[in-house]
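> Sequence and predicted structure are below.
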Amino acid sequence: MLFRRKKAPSPPIEPEPRPPVAEAGGPPSTLFLTGDGRVDRRTIEVLLSAIARVSQSQDLERLLAYIVDTSIEVTGAERGLILLAGKDGDLQPRMARQRGGQGVAGEIRYSTSVVRRVLADLEPVRATVNSDSEALELGTSVFDLKLRAVMCVPLVHREGGPDEPAGGRSAQGVLYVDSRAATREFKHEDLALFAALSQHISIALENARLHLDAMERVRLEQSLEIASQIQSGLMPQVPEDVPGYDVFGWYRPAERTTGDFYDFVRTRSGRLGVVVGDVTGHGIGPALITATAQASLRSYLRVLDDPAAAVGMLNQDLGPRMDDGLFLTLFTGLFAPDGSASVLNAGHTPPLLWRARTRTIEDLRGDGPALGMIDDYEYREGAKLQLEEGDVLIAYTDGFVEARSALDSDRLFAEDGVRGVLEKSAAAGSSARQLTEALVKSALDFAGGKSEDDMTVVAVRRVSGAA
């Protein structure tokens with residue numbers, strides 16, 4: 001009896017026994033060379049042209065179209081695709097072309113099983129379909145489209161530096177071609193050249209990403225510069241003709257914009273409103289809050305002679321619009337020509353008051369929480385002060401007390417540092433400006449010129465000539 005040996009079916013997907021290209025970022029393999037000088041010369045020209053395009057092109061769309069068209073040409077495929085992962089991780093066709101340099105219209109279908117295999121293994125794959133059953137094994141799209149040859153390579157992105165191991169690689173998409181021609185069968189050389197082209201696409205995508213990142217950084221820098229200029233313009237001119245007082249204000253942002261602000265406002269009753277505020281955090285968000293708070297409080301103080309009422313209105317208006325975790329500490333004082341003052345401290349670093357007669361320092365503790373912590377909080381009347389000639393009040397933000405020693409990171413300038421400067425300068429009869437400059441110099445010298453937080457200070461000194 002004769003026995004006929006059953007022929008084993010050939011697998012529709014043919015993974016390569018070894019990768020046809022080197023690790024991502026390394027030189028392409030030469031497995032695409034055939035030994036035929038004419039063919040190999042054309043192949044090298046294709047790769048050199050792709051390298052030149054990648055290094056010179058600023059138009060990503062045209063570059064991707066060129067790569068797909070070249071892939072179709074050198075492999076003899078009928079159609080080519082670039083599929084890239086979107087924000088949700090799903091692959092989306094980024095470029096779809098057919099032979100002749102034409103776009104692909106309508107729904108774009110492809111072998112999802114081949115693509116999944118490539119993404120999972122990060123290895124090139126080619127598949128030849130010899131029957132309808134093999135087509136169905138590759139997926140209904142292959143069967144419906146009557147595809148006979150499929151080839152796919154990963155677009156690899158290295159997630160670290162060039163010296164990191166291969167485990168640092170990930171696929172950002174695939175380069176894919178297929179053909180319905182019954183006589184078309186992709187060869188090892190086709191796949192090797194195809195994989196070499198994919199490296200240049202990966203480089204192009206990375207260059208495009210870096211270019212967009214650079215452009216975004218430039219736009220951000222421009223936005224921050226504009227915001228910094230606007231915010232600087234919002235800081236008030238220091239008034240020089242305040243009856244009975246010598247005042248001065250200064251600020252320094254830790255970054256381009258600041259969450260601190262100060263202001264001087266003249267009220268209808270002839271009093272001088274002095275404001276120092278500090279929004280938590282840095283950057284554009286806190287800067288926007290400071291601008292809103294400064295503008296609103298300036299309006300309130302011009303019609304209200306009560307710091308508690310003005311701050312309460314600001315809190316009701318601003319609090320509900322502030323994100324969780326953001327709040328505004330605020331010191332507000334109204335100073336009359338006769339030396340009397342009404343002040344309110346809403347969660348702010350306690351201002352210090354140096355008394356000339358007793359040469360002692362008083363601190364003005366809180367009269368309620370920071371704005372934004374309790375939206376409907378009703379602020380009560382704060383302290384009533386009577387300033388005598390030579391008395392000095394300074395209101396400042398926590399950038400001073402939290403200034404860190406350049407010699408010992410565990411040491412802070414702290415309130416003691418502020419008190420020391422205030423006591424020495426006030427006793428020497430320094431002007432508001434001189435006292436402010438002494439405090440700034442002392443804190444920055446202590447911190448080696450660095451400031452980790454925004455720094456703002458206002459000095460109010462009672463002088464002779466009061467009404």
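Received, thanks.

> Pull the number of nearby residues for residue 178.
28 (other Cβ atoms under 10 Å). In this view, the C-beta of every residue, glycine as well, is placed from N, C-alpha and C.

> Identify the residues contacting it.
77-79, 110-111, 145, 147, 149-151 (Cβ atoms under 8 Å, 6 or more residues apart in numbering).

> hmm, which two among those residues are most spread apart?
Using Cβ to Cβ, the pair of those lying farthest apart is 145 and 151, separated by 14.7 Å.

> Which one of these two is surrounded by more residues?
Per other Cβ under 10 Å, whichever of residue 145 and residue 151 has more neighbours is residue 151, with 28 against 17.

> does the more buried one really touch residue 190, like I thought?
Yes. Using Cβ atoms under 8 Å, residue 151 makes contact with residue 190 at a distance of 6.7 Å.

> shared neighbours of these two, which are they?
75, 126.

> re the thing from before, between the contacts of residue 178, which is closest to residue 267?
residue 110 (72.8 Å).

> wait, what's in contact with the closest one?
Shown in contact with residue 110 (Cβ under 8 Å, 6+ apart): 81, 83, 141, 176, 178.

> what about the strands in the stretch 351-467 of the chain?
In the stretch 351-467 of the chain, the strands defined using DSSP state E, counting those that start in this stretch lie at 352-355, 360-363, 384-386, 392-396, 455-462.

> Would you tell me which of those strands gets closest to residue 406?
Closest among the strands of the stretch 351-467 of the chain, once you apply Cβ to Cβ, is strand 455-462, at 15.5 Å.

> The closest one - contacts with which helices or strands?
strand 245-252, strand 260-266, strand 272-279, strand 392-396, helix 398-401, helix 432-446 (3 or more Cβ pairs under 8 Å, 6 or more residues apart in numbering; DSSP states H and E).

> winner for burial among those?
Across the helices and strands packed on strand 455-462, averaging neighbours per residue (mean count of other Cβ atoms under 10 Å) puts strand 392-396 on top, at a mean of 28.

> List of residues touching that one?
So strand 392-396 is contacted by 262, 274, 276, 331, 333, 341, 348-349, 351-354, 356, 385, 387, 418, 422, 426, 432, 435-436, 439, 455-462 (Cβ under 8 Å, 6+ apart).

> switch to 6 Å and redo it
Contacts to strand 392-396, defined as Cβ atoms under 6 Å, 6 or more residues apart in numbering, come from residues 276, 331, 351-354, 422, 426, 457-461.

> how close does residue 254 sit to residue 450?
Using Cβ to Cβ, to the nearest Å, residue 254 is found at 9 Å from residue 450.

> how big is the angle separating the helix or strand harbouring residue 316 from strand 260-266?
Per DSSP states H and E, residue 316 falls inside helix 307-318. Put simply, helix 307-318 runs at 130 degrees to strand 260-266, going by axes from the mean of the first three to the mean of the last three Cα atoms, to 10 degrees.

> And the next helix or strand past helix 307-318?
strand 328-335.

> What residues sit buried inside the helix holding residue 316?
Judged by neighbour count using 16 or more other Cβ atoms under 10 Å, the buried positions of helix 307-318 are 307-315, 317-318.

> closest to residue 246 among the residues you listed?
Out of the buried residues of helix 307-318, the member with the shortest distance to residue 246 (by Cβ to Cβ) is residue 307, at 21.3 Å.

> Surely that closest one touches residue 330?
No. Judged on Cβ atoms under 6 Å, residue 307 makes no contact with residue 330 at a distance of 9.4 Å.

> Dig out what the residue lying closest to residue 263 once chain neighbours are set aside forms beta bridges with.
The shortest distance from residue 263 to any non-neighbouring residue, by Cβ to Cβ, 6 or more residues apart in numbering, is to residue 275 (4.3 Å). Bridge pairing for residue 275 (DSSP bridges) gives the partners residue 263, residue 332.

> correct me, but residue 275 touches residue 332?
Yes. At 5.3 Å, residue 275 counts as touching residue 332 under the criterion of Cβ under 6 Å.

> how about residue 322, what does it touch?
Per Cβ under 6 Å, 6+ apart, neighbours of residue 322: residue 372.

> Swap in 8 Å and give it another go.
Residue 322 neighbours (Cβ under 8 Å, 6+ apart): 289, 328, 371-372.

> so residue 315 sits right up against residue 378, yeah?
No. Counting by Cβ under 8 Å, residue 315 does not reach residue 378; the two are 9.2 Å apart.

> what pLDDT does residue 151 get?
At residue 151, the pLDDT value in this model is 86.

> swap that for residue 270, sorry
With respect to pLDDT, residue 270 has a value of 91.

> what's the neighbour count on it?
11.

> does it count as helix, strand or coil?
At residue 270 the chain is in coil, as set by DSSP: H, G, I helix; E, B strand; the rest coil.

> For it, list the residues it contacts.
Per Cβ under 8 Å, 6+ apart, neighbours of residue 270: 243, 336-337.

> got TSV for those, with pLDDT too?
Output for those, formatted as TSV (pLDDT from 0 to 100):
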residue	pLDDT
243	93
336	96
337	95
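
> returning to what we had before: out of the contacts of residue 110, which is nearest to residue 365?
residue 83 (63.9 Å).

> is the closest one in a bridge, and if so with what?
residue 93, residue 174.

> name the element residue 192 belongs to?
helix 188-234.

> what pLDDT, on average, does that helix get?
Mean predicted lDDT for helix 188-234 stands at 70.

> And for stretch 67-74?
84.

> got a list of contacts for that stretch?
The contact list for stretch 67-74, computed with Cβ under 8 Å, 6+ apart, reads 43, 46, 49-50, 53, 77-82, 95-99, 101, 175, 177, 190, 193-194, 197, 200-201, 204.

> What number of residues are in the vicinity of residue 202?
Around residue 202 there are 24 residues (other Cβ under 10 Å).

> wait, doesn't it sit right on residue 170?
No. Contact criterion Cβ under 8 Å: residue 202 and residue 170 do not qualify, at 10.8 Å.

> Quick one: low-confidence residue ranges for the stretch 201-350 of the chain.
Under the criterion pLDDT under 70, the flagged ranges of the stretch 201-350 of the chain are 211-212, 215-216, 219-234.

> repeat that for 90
201-241, 251-261, 268-269, 280-295, 298, 302-305, 317-326 (pLDDT under 90).

> Verify the stated contact: residue 402 with residue 417.
No. Between residue 402 and residue 417 there is no contact under Cβ under 8 Å: 10.7 Å.

> one step back: compare the helices and strands packed on strand 455-462 and give me the one nearest residue 218.
For these, proximity to residue 218 was assessed by Cβ to Cβ; strand 245-252 is nearest, at 25.1 Å.

> For that closest one, give me every contacting residue.
235-236, 238-239, 258, 260-262, 264, 272, 274, 335, 399, 431-433, 435-437, 440, 451, 454-463.

> I'm done for today, thanks for sticking with me.
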